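J.: Let's see this in three dimensions:
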Amino acid sequence: DVYKRQILYNVTFFITLIYGWQIYSGSAAIRGNTKGIAFMFAVFAALMLGLYDIGYGYSGDRELYAYFFLQHVNSNISWNEILSNKEWAFYLYQNLTSFLEEPQYWFVLTAFIYVFNYYFVAKKIAPENTLLLFLAVVGAFCFNSYGTNTIRAGLALSFVVVGMTYYENIWKSFVFFFIAYNVHHSTAIPIAAFLVAKYYSKPKLFYYFWFVCVVLSAVAGNLFTSLFSAWGDDFDSRTSYLTTTETHYNVGFRIDFILYSCVPIIIGYIYQNRLHYKNEFYSLIHNTYIIANAFWVLVIRANFSDRFAYLSWFMYALVMMYPLLESPDYFNNVRQKIFWTLFGINLFTYFIYWR
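T.: Next up is the predicted model:
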């Protein structure tokens, strides 16, 4: 059933090539009402993710979510049991949707919430370029994985992104942050990073902070892995990844991950400090990305460290694309920049999953 994921990769890449080339060649307007096409594509993407095979017998995350859901279907779980759980919002969601009875239906509903949170964000922050931004988001590395396998973290982070778009009204942001945190406690990292970025406007310090974290991780990475793993049950059960041993997983100081992660940092620096692009929302998400990514850099030697990396990578497409779509008239050769940025994001994902 891996073909469903491959279909989504292929369709996303195909649309990116066709529409991106039309932008590049000038046969399509940069600004336009593409919300309808983006909506239809969002429905398609949600169905592909939701209908992905559960994979019983393979002990993957998706299978475990199915079993947890069936517990709500087949057992009379009390409100006290649900609310006593640290991440009660997710268990409450499973309980409220237990009327669906079939796990596959639940996966489809969850995929729709996940995908349409990002569609809402694309429509809200890029109303004249919704399809372009949404293609970048869906085509970004790990988007599909967090819609089919690491579902709870993906669902929670999609609410974080929605909350970020309400940066002008922090109380609205907190509503979505509250949901996100109680679905998956690891979202505390990007939420905290966002609040630091919002109330401490010293962007140069964030660049230095990220670089120092790279150096510290290179020379004393195991120390930080041990330090953060000590949080254990007080923070999030996922800290067990910091000390779990898996021989098949390529652990260590991952230069390839570092290089991938630093691209949005460099691009954002060029936009803001060399091209003097000024936008409050962009400054916020760029600085949030840097801070959250710096945390991951410190624990990069951990097993499954990509799960910590995604606490910043979920903003990857936004940081790369937003300035080009928000103010296309501000940049020279903007059509070429849009095409190569969108194409690069999708090509990287396509290459990773088809190599």
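
J.: going forward, measure contacts between C-alpha atoms and count neighbours the same way
T.: Will do.

J.: Could you point out which residue ranges in the stretch 1-150 of the chain have low pLDDT?
T.: For the stretch 1-150 of the chain, the stretches with pLDDT under 70 are 1-5, 57-59.

J.: Which stretches in it count as helices?
T.: Under the criterion DSSP state H, counting those that start in this stretch, the stretch 1-150 of the chain contains helices at 2-25, 35-50, 61-74, 79-83, 88-96, 103-125, 130-139, 145-148.

J.: ok, Val183 - contacts?
T.: Val183 makes contact with 87-91, 152-153, 155-156 under the criterion Cα atoms under 8 Å, 6 or more residues apart in numbering.

J.: how much space between it and Phe112?
T.: 16 Å (Cα to Cα, to the nearest Å).

J.: now do Asn149
T.: 15 Å.

J.: ok, back up a step: out of the helices of the stretch 1-150 of the chain, which is the most enclosed?
T.: With neighbours taken as mean count of other Cα atoms under 10 Å, the helices of the stretch 1-150 of the chain reach their highest mean count in helix 130-139, at a mean of 26.

J.: Tyr166 is in contact with Val175, isn't it?
T.: No: checked against Cα atoms under 8 Å, the pair Tyr166 and Val175 is beyond contact range at 10.0 Å.

J.: dump the residue contacts of the residue most central in space within the chain.
T.: The centroid of the chain falls nearest to Phe314 when counting by Cα atoms, centre = their mean (2.1 Å). Each residue near Phe314 by Cα under 8 Å, 6+ apart is listed here: 143, 157.

J.: Relative to Leu133, how far out is it?
T.: For Phe314 relative to Leu133 (Cα to Cα), the value is 13 Å.

J.: SS state for Ser201?
T.: coil (DSSP: H, G, I helix; E, B strand; the rest coil).

J.: give me the number of residues near Val162?
T.: 23 (other Cα atoms under 10 Å).

J.: That one: which element?
T.: Element membership of Val162, judged by DSSP states H and E, is helix 151-165.

J.: elements contacting that helix?
T.: Here helix 151-165 touches helix 103-125, helix 145-148, helix 170-183, helix 188-199, going by 3 or more Cα pairs under 8 Å, 6 or more residues apart in numbering; DSSP states H and E.

J.: Quick one: closest of those to Ile300.
T.: Ile300 lies closest, by Cα to Cα, to one member of the helices and strands packed on helix 151-165: helix 188-199, at 15.2 Å.

J.: Which one of the helices of the stretch 1-150 of the chain lies nearest to Trp340?
T.: helix 2-25 (8.4 Å).

J.: For the closest one, name the packing helices and strands.
T.: Looks like helix 2-25 contacts helix 35-50, helix 130-139, helix 334-354 (3+ Cα pairs under 8 Å, 6+ apart).

J.: Turn those helices into a markdown table, including distance to Val196.
T.: Below are the helices and strands packed on helix 2-25 laid out as a markdown table (distance: least, Cα to Cα, whole Å):
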| stretch | distance to Val196 |
| --- | --- |
| helix 35-50 | 32 |
| helix 130-139 | 24 |
| helix 334-354 | 27 |
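
J.: To Lys123, which of those helices lies closest?
T.: helix 130-139 (5.1 Å).

J.: who touches the closest one?
T.: Counting by Cα under 8 Å, 6+ apart, 9, 12-13, 16, 33-35, 37-38, 118-119, 122-123, 126, 143-144, 316-318, 321-322, 325, 342, 345-346, 349 sit against helix 130-139.

J.: ok, now stretch 96-111?
T.: Contacts of stretch 96-111 (Cα under 8 Å, 6+ apart): 46-47, 49-51, 54, 66, 69-70, 72-73, 147-148, 155.

J.: make it 6 Å
T.: Identification of contacts with stretch 96-111 by Cα atoms under 6 Å, 6 or more residues apart in numbering yields 46, 50, 66, 72-73.

J.: What is the nearest of these to Asn273?
T.: Ala46 (37.6 Å).

J.: Could you list which residues are in contact with that closest one?
T.: Per Cα under 6 Å, 6+ apart, neighbours of Ala46: 111-112, 115.

J.: So what's the residue count around Ala140?
T.: 24.

J.: In contact with it, which residues?
T.: By Cα under 6 Å, 6+ apart, the neighbours of Ala140 are Ile345.

J.: where's it relative to Phe13, distance?
T.: In terms of Cα to Cα, Ala140 sits 11 Å off from Phe13.

J.: before we move on, what about Gly147?
T.: 18 Å.

J.: Over to Cys142?
T.: With Cα to Cα as the criterion, Cys142 and Phe13 are 15 Å apart.

J.: ditto for Gly154
T.: 21 Å.

J.: Lovely, talk soon.
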